[in-house]
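Peer 1: Next come a sequence and a model predicted from it.
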Amino acid sequence: MMPLGLTEEEAIAMAERTSVEEVALAEGRKWDDTFEALHRLALEAEARAQTPPPPPPPPLPPSRQHPLQSHPTPPGQSGGGGNDTDTGDSQPPAAASMWFNLDGLPVCFPYAAIYPEQHAYMGELKRALDARGHAVLEMPTGTGKTAALLSLITSYALANPSRPLRLLYCTRTVHEMEKTLAELRLLFSHLPDPSHLLAFGLSSRKNLCVHPQVSASAAVDTGCRRLTASWVREKAASDRESTTPLCDYFETFDTAAHRGDLASYISPGVCTLADLRSLGCQRRICPYFLARHLVKHANVVVYSYQYLLDPKVASIVSREMMMHKECVVVFDEAHNIDNVCIEALSVTIRKQTLEGARRNLRHISQQIDRFKATDANKLRAEYNRLVDGLAQSGHLPISDAWLANPALPHDVLKEAVPGNIRRAEHFLAVLCRLVWFLDQRLETENVVNERPVSFAASIDSIAGIDKMMLRFFYDRLQSLLITLEITDTDEFMHIQKNCDFATLIGTYTRGFSIIVEPYDDRMPNIRDPVIQLSCHDASLAIQPVFNRFQTVVITSGTLSPIDLYPRLLNFNPVISRSFTMSLTRDCICPMVLTRGSDQLPVSTKFDMRSEPGVVRNYGRLLLEMASAVPDGIVCFFVSYSYMDGIVSSWNDMGILQGTMQHKLVFIETPAVVETTLALDNYRKACNCGRGAVFFSVARGKVAEGIDFDRHYGRLVIMFGVPFQYTLSKILRARLEYLRETFQIEEGDFLTFDALRQAAQCVGRVIRSKADYGMMIFADKRYSRHDKRSKLPGWILSHLNAAHLNLSTDMALHTAREFLRRMAQPYDKAGSGQKTLLTEEDLQVMSQDGMDM
């Protein structure tokens, strides 16, 4: 899909000028990694194309500098926690720092001034550390929570050497990881003696591999295993004249690990992903396995949520850290953490999955026959290990570890594998019966909703596979694949998913549902049967984290209502607080639009969304705003299908043509390359002054990971309330479980979930205190108190009563007045309430506190 407003020739020309599409097609990466990599490449290309700024003037002598003087943020550094990228009241650059006393704790802060909310945030965080308890903290976007977190926890660890704290900082994306490491590097540069501190980021092989051929391939994990598996290396070592290829980078790592001098390869300080790759190229050592090894020695590790929450990954990557109780875990941008927990323990089986599993079983059968003919001793050795009940995974070389058991660590059985699946051919026969059973269940014409107990009983009575055998399926499969020396891990993902399903069914009796659907409700004429093992209890995946670590901090800019997270995740925080934003001017203008200029109400309620009046009024709102608001406008819709429908209607009405008289229009699509090209060209249109409109979807990747700060987003329009699809059988089952187990009512959860998604969308437009922007909630339901009260406090504090029931013409007038105010000069230091506190201000505050 080409950007609207461009001819086909112009779109092709833009694609030829941008190399990001070629990169995506060549590397074939998954959505998350590709999206971040392509977007980063697009921004770097844009930066290179711009004329470099003139050198800054020489600094004033110290005697002439004002402590609150505002500076531009240096390139590559973010002011106040990685969000302030503009001038104005952004925090001073890295050359200045401050030390202050916080309730008896000396804190190093890497800027010359601090926001009041950052100081208050640190105070609550310190109380949680003192109490050795958990915390839920909501901090507005653009207020530097990353800098506050890192400064306080690092200072706390340095001030308490008897309690050697370690920090596990979890982010959602690689881009956020890099921003956190950049902030950490800035902090370390101001510490008096950071020579004994080590911090680094850990990511997947795709992001760390430096092997020329493997890193360029589509299946990096498989390519790595082909060169590093223990049996591959044994074969090469036994036959010196063998042409078996090995990874020189891993060989260097393995040699250094046996000598015990891996620590000599990395010096103390902060090591980003780029630093690890550079080190790997220079020293010819594998950066991925080096980082895996150094996890147990690091003071700070920054990595993805899944490395702690997904049992299949956490049991391998974070096993060493799980041994240390004195750890602080931070989940940043954790507004969707309950969904991450649920997805980690859910499995979906389709016809294609079962067809792939049958191909895997035929391949395994051929491998078993080959080993019986050529090397039967390995099969006998495996059988003896299983008889003895040895935990195979605990003795695997680091290069052989694939994925761990999908069940939580304390639920994995430590006893011997049942006798009827110890022999390879017997286990293969049992797997065939399981695949056959699941295939039969997919033939149903009715929707079925079962609990794990009844489903396991059905497997036992029909396929003859008891619950004890089911619990061992995953571990038994891993043992067999290693014995058969299978390296193509990606090829066997289908049978692995079947074994995931079986293991979870055999392990858990509550908190799950098995839902069989022959059709998708939204496409009832197309048969697409699916078996979904759906986890309903988010606390199952995160409970080991709460139990094993002394302090877990859940923080984000959109956690309201904050009291619902402890109930969803089943824990008791010692600190739970939401902070407001201190501003020198009202730079945020939220509005609730309930009707069009013709006074007809607007809403995306199912019975109203398709009405011509609603579609027309939404279009008129877009058209009017496009004519009055400069630069970029971002529009969010409740779903892809709704966006497609309403954009088509606008095109028929001539609204799109009218909008494109003022701005170009770009659209997010499920295709990563198209979306990346649209984002890149959207930014170019904003940079050249043409202005642009970007259509996106709530709950999409753009809503979660792309910032539209400064001129890229002067207005964001949220068309409707982004409720989940309420007819979903999985959602209905989860709502029933939440009501029965946690006493969370259906309406409360649905509203909470929809409003946090809406807040996440509109929050994309404000990324620093120096920024300004407008937010329009275009649905009459936002005017109800029970809906808008679920929005974060920092948005509600700027939502005036006069802006709660606006029509299109009233919203247009309000927007023009707001933009006129924002064009006026203002006092960046703040004439009334201080929005930046210097070291002297904090000393006065500390002294006043002592006097009281």
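Peer 2: Now that the structure is in, tell me what you want to look at.

Peer 1: Near H785, how many other residues are there?
Peer 2: 8 (other CB atoms under 10 Å). Every residue, glycine included, has its C-beta placed from N, CA and C.

Peer 1: make that L812, sorry
Peer 2: 19.

Peer 1: Can you tell me what sits against the strand or helix carrying it?
Peer 2: Per DSSP states H and E: L812 is located in helix 808-822. Contact with helix 808-822 is made by 585-587, 589, 591, 593, 595-597, 617, 620-621, 624-625, 628-630, 714-715, 772, 774, 776, 803, 806, as judged by CB atoms under 8 Å, 6 or more residues apart in numbering.

Peer 1: Surely A257 and R292 touch.
Peer 2: No. Using CB atoms under 8 Å, A257 makes no contact with R292, being 10.6 Å away.

Peer 1: Same drill for the two, tell me which one is more crowded.
Peer 2: Neighbour count, other CB under 10 Å: between A257 and R292, R292 has more, with 18 against 14.

Peer 1: got a list of what the more buried one touches?
Peer 2: L202, V317, I398.

Peer 1: Quick check: it vs T580, distance?
Peer 2: Remark: distance between R292 and T580 (CB to CB, to the nearest Å) = 41 Å.

Peer 1: what's across from F666 in the sheet?
Peer 2: F694 (DSSP bridges).

Peer 1: Count the residues that sit near it.
Peer 2: So F666, with other CB under 10 Å, has 27 neighbours.

Peer 1: now A373
Peer 2: Using other CB under 10 Å, the number of residues around A373 comes to 8.

Peer 1: again with the one 5 residues further on
Peer 2: K378 has 17 neighbours, counted by other CB under 10 Å.

Peer 1: Surely it is in contact with F371?
Peer 2: Yes. Applying CB under 8 Å, one finds K378 in contact with F371, separated by 6.1 Å.

Peer 1: Please state the backbone phi and psi of Y169?
Peer 2: Phi and psi for Y169, reported as degrees, to the nearest 10, are phi -110, psi 110.

Peer 1: residue contacts, it?
Peer 2: Y169 makes contact with L149, L150, T180, V300, V301, V302, Y303, V330, D332, according to CB under 8 Å, 6+ apart.

Peer 1: run the last query once more with 7 Å
Peer 2: With contact set as CB atoms under 7 Å, 6 or more residues apart in numbering, Y169 has these partners: T180, V300, V302, V330, D332.

Peer 1: and if you look at I514?
Peer 2: Neighbours of I514 in contact, by CB under 7 Å, 6+ apart: E450, P452, F455, I531, L533.

Peer 1: again with G700
Peer 2: The contact partners of G700, by CB under 7 Å, 6+ apart, come to E668.

Peer 1: Look up how far S217 lies from it.
Peer 2: As judged by CB to CB, G700 and S217 stand 28 Å apart.

Peer 1: Packing partners of the helix or strand harbouring M122?
Peer 2: M122 is part of helix 116-131 when elements are defined by DSSP H and E. Judged by 3 or more CB pairs under 7 Å, 6 or more residues apart in numbering; DSSP states H and E, helix 116-131 is in contact with strand 98-102, strand 135-138, helix 145-159, strand 551-556, strand 575-578.

Peer 1: if I read this right, M581 contacts Y115, doesn't it?
Peer 2: No. Contact criterion CB atoms under 7 Å: M581 and Y115 do not qualify, at 8.4 Å.

Peer 1: what touches both of the two?
Peer 2: Between them, M581 and Y115 share these contacting residues under CB under 7 Å, 6+ apart: T143.
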